[in-house]
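**Student:** sequence-free structure coming up:
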């Protein structure tokens, strides 16, 4: 079964400096029908104006992944980390017992476009942690590139939950197939372009939950980029 979450149906807020879309309930947007999908709790698509960003604020007991689509995002946190996240890089911050951080557009003039993802951890009270890794786009062209996993295999960042996150980029006519083990589910989030998920059409910003499906087939007739969660 495939359940589509259309882009236009997401929660939306435009604060001037921040234009944000919430796939699941977040901040002032609350919909009891969309509180997450299994361990996946948040997918926010943010566009932050130049020189603007999120001031220092706290988090606790959450696995937070940041995936930049365009531009660059500057990160600082109470663990002493400071970095700039660029396209084709993934940042993982385990909030654990508590961490404060800030995220700002690294450019004074150009917009940064990103996805922020929250995953519920397997246990509470873990030590805070941080990772950031680059994944060359060629490695995700026409195939699934693992970027986050519970065991950090294949160079992925390590998350404290039984979730595997893949990214993939398509050229027209390419097909990617991912087998789902019995009892596993999938969420597909389209970052750019348009594609078909098991023959169901999706556009940029759309998401789809898959349950009781033996595999996920992704195909595109135009250039596209997508994230696939196996959970």
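**Tutor:** On my side now, so go ahead. As the structure is a prediction and not an experimental result, all values here were calculated from the model.
**Student:** if I look at residue 200, how far off is residue 54?
**Tutor:** When Cβ to Cβ, to the nearest Å is the yardstick, residue 200 and residue 54 sit 34 Å from each other. From N, CA and C alone the C-beta is placed, and that goes for glycine too.
**Student:** Hmm, I typed the wrong one, I wanted residue 202.
**Tutor:** Residue 202 sits 28 Å away from residue 54, taking Cβ to Cβ as the criterion.
**Student:** which residue is nearest the centroid of this protein?
**Tutor:** Nearest to the centroid of the C-alpha atoms of the chain, with distances taken as Cα atoms, centre = their mean, sits residue 117, at 4.4 Å.
**Student:** And the pLDDT for it?
**Tutor:** Turning to residue 117, the model gives it a pLDDT of 98.
**Student:** List phi and psi for it.
**Tutor:** Summarising the backbone geometry of residue 117 under the convention degrees, to the nearest 10, its torsions are phi -130, psi 130.
**Student:** Repeat that for residue 138.
**Tutor:** Dihedral angles of residue 138 (phi, psi; degrees, to the nearest 10) stand at phi -60, psi -30.
**Student:** can you count the residues close to it?
**Tutor:** Burial measure for residue 138: 11 neighbouring residues, criterion other Cβ atoms under 10 Å.
**Student:** Could you do residue 30 as well?
**Tutor:** Residues within reach of residue 30, counting by other Cβ under 10 Å, total 12.
**Student:** heads up, I number from 231, so please use that
**Tutor:** Renumbered: residue one is now 231, and that last one reads residue 260.
**Student:** surely residue 364 meets residue 317?
**Tutor:** No. Distance between residue 364 and residue 317: 9.5 Å, which falls outside the contact criterion (Cβ atoms under 8 Å).
**Student:** got the contact list for the helix or strand hosting residue 343?
**Tutor:** When secondary structure is defined using DSSP states H and E, the element that contains residue 343 is strand 342-349. Contacts of strand 342-349 with the rest of the structure, by Cβ atoms under 8 Å, 6 or more residues apart in numbering, involve 269-278, 292-303, 315, 335-336, 389, 391, 393, 395, 419, 421, 457.
**Student:** mind redoing it with 7 Å?
**Tutor:** Defining contact as Cβ atoms under 7 Å, 6 or more residues apart in numbering, one finds that strand 342-349 is touched by 269-278, 292-303, 335, 389, 391, 393, 421.
**Student:** chain center to that strand, what's the gap?
**Tutor:** Per Cα atoms, centre = their mean, to the nearest Å, the displacement of strand 342-349 from the mean C-alpha position of its chain is 5 Å.
**Student:** So for the following helix or strand past that strand, what gets flagged as buried?
**Tutor:** As assigned by DSSP H and E, the chain's next helix or strand after strand 342-349 is strand 359-364. Neighbour counts over strand 359-364 (16 or more other Cβ atoms under 10 Å) mark 359-362 as buried.
**Student:** Verify the contact between residue 452 and residue 423 for me.
**Tutor:** Yes. In this structure, residue 452 is within contact of residue 423 by Cβ atoms under 7 Å, at 5.2 Å.
**Student:** In terms of neighbours, single out the busier of these two.
**Tutor:** residue 423 (18 against 12).
**Student:** How about the contacts made by the more buried one?
**Tutor:** By Cβ under 7 Å, 6+ apart, the residues touching residue 423 are 434, 450, 452-455.
**Student:** Could you find the closest non-adjacent residue to it?
**Tutor:** The shortest distance from residue 423 to any residue that is not its chain neighbour, by Cβ to Cβ, 6 or more residues apart in numbering, is 3.0 Å, and that residue is residue 454.
**Student:** do residue 323 as well
**Tutor:** Leaving aside its sequence neighbours, residue 323 is closest to residue 294 (4.6 Å, by Cβ to Cβ, 6+ apart).
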